[in-house]
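*Asks:* One predicted model, sequence on top.
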Amino acid sequence: MKAFLLAAGLGKRLRPLTDSRPKCLVPVTGRPLLDHWLSLCRRHGIDEVLINLHHHADQVREYINARTDRTPRIQLFPEERLLGSGGTLAANRDFVRQEKEFLVLYADNLTNADLDALIRFHRTHDGLVTVGLFHTAVPQQCGIVELDRAGKIRSFEEKPDRPRSNLANAGVMVMDAGVFSFFPGTREFDLGHHLLPRLAGRMYGKVIEEYLQDIGTLEKYLGALRDWRGLEQSRAGNGSSQEVTGESS
């Protein structure tokens, strides 16, 4: 299985950390955030990952080239001008041309989400997309969904003024190849603003039970570091030799 790992953001809200490095390389317990994501992918059998580049792209290239673990395989896609989350997928349709389904992952989150569980859920439902969800205290800042009793997404609205729920897009999605038929005919577009609202009634949502935190601001980043240290210490105390990343709760 393949995954898009979207990592080209400027990280403006995380300054000054991102003045001199890309957001995907900020450290989390001694390892770059991107390393946690690649470990998560490896543990869940993701064979190949496409990572888009923009802000401090050379640093990401250097990190990838220096990796000793070659699993998953990495394909880099530099964007001289940011294409948006949807534009990156559209420009790299050939990357998943032979795939029935693929993952889309937002690299500005820290998570140990059970990707296998999300994939299994997707395969037992008839949606074009399965959106990993979490409960948010600030729905005005997120992509918000309404679910019916079967878990089908009735509506999706990005950063609504009047949210209809507190269930938010976690930036962890499984998509069928058929989703490309619904892409707008523009080179640059955003999944949350321009695609997912059009797929209401064709998507399902599944709440991620494991840890997930957006690290887009300094406050959230520092909170995530505390949380992650606690998770690692808890696992070490339980005598497990496995990493936190990629493990289910």
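*Replies:* It's in.
*Asks:* Buried residues in the helix or strand of the chain with the lowest mean pLDDT, which are they?
*Replies:* Among the helical and strand segments of the chain, the one scoring lowest on mean pLDDT, DSSP states H and E is helix 218-237, with a mean of 84. Buried residues in helix 218-237, counting neighbours by 16 or more other C-beta atoms under 10 Å, are found at K220, Y221, A224, L225, W228, L231, R235. (Glycine included, C-beta is placed from N, CA and C.)
*Asks:* just stretch 152-170 next, same as before
*Replies:* When neighbours are counted by 16+ other C-beta under 10 Å, the buried residues of stretch 152-170 are found to be K152, I153, F156, E157, E158, P160, P163, S165, L167, A168, N169, A170.
*Asks:* Columns secondary structure and pLDDT on top of these, output as JSON lines?
*Replies:* Listed next are the buried residues of stretch 152-170 as JSON lines, based on DSSP: H, G, I helix; E, B strand; the rest coil; pLDDT from 0 to 100:
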{"residue": "K152", "secondary structure": "strand", "pLDDT": "96"}
{"residue": "I153", "secondary structure": "strand", "pLDDT": "97"}
{"residue": "F156", "secondary structure": "strand", "pLDDT": "96"}
{"residue": "E157", "secondary structure": "strand", "pLDDT": "95"}
{"residue": "E158", "secondary structure": "strand", "pLDDT": "94"}
{"residue": "P160", "secondary structure": "coil", "pLDDT": "93"}
{"residue": "P163", "secondary structure": "coil", "pLDDT": "92"}
{"residue": "S165", "secondary structure": "coil", "pLDDT": "93"}
{"residue": "L167", "secondary structure": "strand", "pLDDT": "96"}
{"residue": "A168", "secondary structure": "strand", "pLDDT": "95"}
{"residue": "N169", "secondary structure": "strand", "pLDDT": "96"}
{"residue": "A170", "secondary structure": "strand", "pLDDT": "96"}
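*Asks:* Please tabulate these in a markdown table and include distance to A177 as additional columns.
*Replies:* Supplementary listing: those in a markdown table, determined by distance: C-beta to C-beta, whole Å:
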| residue | distance to A177 |
| --- | --- |
| K152 | 20 |
| I153 | 19 |
| F156 | 20 |
| E157 | 26 |
| E158 | 24 |
| P160 | 29 |
| P163 | 31 |
| S165 | 29 |
| L167 | 26 |
| A168 | 26 |
| N169 | 20 |
| A170 | 22 |
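*Asks:* tell me the mean pLDDT for the stretch of helix or strand E62 belongs to?
*Replies:* Secondary structure from DSSP states H and E places E62 in helix 57-66. For helix 57-66, mean pLDDT rounds to 91.
*Asks:* what do you get for stretch 4-20?
*Replies:* Model confidence over stretch 4-20 averages 82 on the pLDDT scale.
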